[in-house]
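S.K.: Quick one, fold the following:
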Amino acid sequence: MADRNQDTAFGKVKTYTPGLKPMFSLSPQDTYAFIKTFADSPEHMRPFEQGMGALTRRLGAEGLRIETAKAKGRIRHDAPGFERVMQALGYVAGLQSQAQRTVQGDLDEQDAKRREHLRMMMDTSVDVGSFFIPSASVADEIVWEALTKLAGRGADASMAAADKKTRLKRLENKELQMSLGLQYAMVQRLIEGGYPMKVTQWQADHPNPGYLFYNNENGRLLPWKEIKSDLRLLDNYTAWLRANGLGGDSETAFGQVAENATGDFGGMMKKATDHAASWEKDRDEAEKKQGAASD
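M.R.: Coordinates of the predicted model:
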């Protein structure tokens, strides 16, 4: 998936994506052509989305483990980790997006409905914190849907300079809350893996005193549903992430790792979508030339 310059091949294939042991590889164009064969309806896409969701959980867990090991000096600092995983997954998501648009046409209304359905699930029934736990009970397709719909949007750096009233108003945005929820799932795994942080939960400076976003006895984060249900808790949580480097100049700071990962996914998703759209354009132009030549 990350090896976008490789041709289609079978047998022993080298990969640069942590956690993969492929028996064959497909070129980006062949991957796109394959996805188009079942992109004609949500029902036909579901097995693919279930498979990608399961793969996301497995590779995501491995990528986060590698990041923690790098931060602790156990492996070389430039070893491919979570960033590479998210780039690889993002590229596949971009090919899927363009394949669906090519085969099904305008998907704006369908996308809006899926986003609303996703928001309702994250508000009521989905355990966001288990997204990157391979054996968790959350349906795999929900994990993939959340990633493809929410990655790339986070709390921008201007939040730090905003006054409390402005911050709380911005945090009312449901799309932002869902994106922060996706990052929360990554933050949970970083904490459990022992990723070093500059400011612990207990040391955090809370803009809203008394509103703890964690269990005071063991430091575990409250469930995401509880945090986002009170904007003062959410404000304290994002302030803690900023104290740990969110929006800062260190790409490996605890607070910035999840932000980078979702940005990597979103950026690579757009790149793949653009690539696939250009292939479609080239194909259409070739067909026109062939038709003109035969007239």
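S.K.: Need the pLDDT of the residue nearest to V187 when sequence neighbours are not counted.
M.R.: Once flanking residues are discounted, V187 sits nearest to A258: 5.4 Å by C-beta to C-beta, 6 or more residues apart in numbering. Every C-beta, even on glycine, is put in place using the N, C-alpha and C of the backbone. On pLDDT, A258 comes in at 87.
S.K.: do the same with F48
M.R.: Predicted confidence (pLDDT) for F48: 95.
S.K.: Off-centre distance for the one helix or strand the residue nearest to V187 maps to?
M.R.: According to DSSP states H and E, A258 maps onto helix 254-294. Distance of helix 254-294 from its chain centroid, counting by C-alpha atoms, centre = their mean, to the nearest Å, is 18 Å.
S.K.: Which other helices and strands does it contact?
M.R.: Where contact means 3 or more C-beta pairs under 8 Å, 6 or more residues apart in numbering; DSSP states H and E, helix 254-294 is packed against helix 28-36, helix 82-104, helix 140-150, helix 174-193, helix 231-243.
S.K.: Need the ones you listed in CSV (columns: mean neighbour count, mean pLDDT and distance to T273).
M.R.: Converted to CSV, the helices and strands packed on helix 254-294 look like this (neighbours: other C-beta atoms under 10 Å; pLDDT from 0 to 100; distance: least, C-beta to C-beta, whole Å):
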stretch, mean neighbour count, mean pLDDT, distance to T273
helix 28-36, 18, 94, 10
helix 82-104, 23, 92, 4
helix 140-150, 22, 86, 11
helix 174-193, 21, 86, 19
helix 231-243, 22, 94, 29
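S.K.: Distance to Y16 for the ones you listed - can I get that in TSV?
M.R.: Shown next, in TSV, are the helices and strands packed on helix 254-294 (distance: least, C-beta to C-beta, whole Å):
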stretch	distance to Y16
helix 28-36	15
helix 82-104	7
helix 140-150	20
helix 174-193	21
helix 231-243	29
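S.K.: To D205, which of these lies closest?
M.R.: Nearest of these to D205, taken as C-beta to C-beta: helix 231-243 at 6.7 Å.
S.K.: what's the angle from that closest one to helix 174-193?
M.R.: Angle, helix 231-243 to helix 174-193, by axes from the mean of the first three to the mean of the last three C-alpha atoms, to 10 degrees: 60 degrees.
S.K.: and the angle from helix 231-243 to helix 254-294?
M.R.: Angle, helix 231-243 to helix 254-294, by the same axes, to 10 degrees: 90 degrees.
S.K.: which helices and strands sit right next to helix 231-243?
M.R.: Using 3+ C-beta pairs under 8 Å, 6+ apart, helix 231-243 sits against helix 158-161, helix 164-170, helix 174-193, helix 224-229, helix 254-294.
S.K.: Number of residues surrounding N216?
M.R.: Residues lying near N216 (other C-beta atoms under 10 Å) number 9.
S.K.: Let me fix that, I meant to ask about Y16.
M.R.: 14.
S.K.: I'd guessed it sits against E83; true?
M.R.: No. Contact criterion C-beta atoms under 8 Å: Y16 and E83 do not qualify, at 11.6 Å.
S.K.: Backbone dihedrals for L221, please?
M.R.: Main-chain torsions, L221, degrees, to the nearest 10: phi -70, psi 140.
S.K.: Test my guess that it contacts F213.
M.R.: Yes. Between L221 and F213 there is a contact under C-beta under 8 Å: 6.4 Å.
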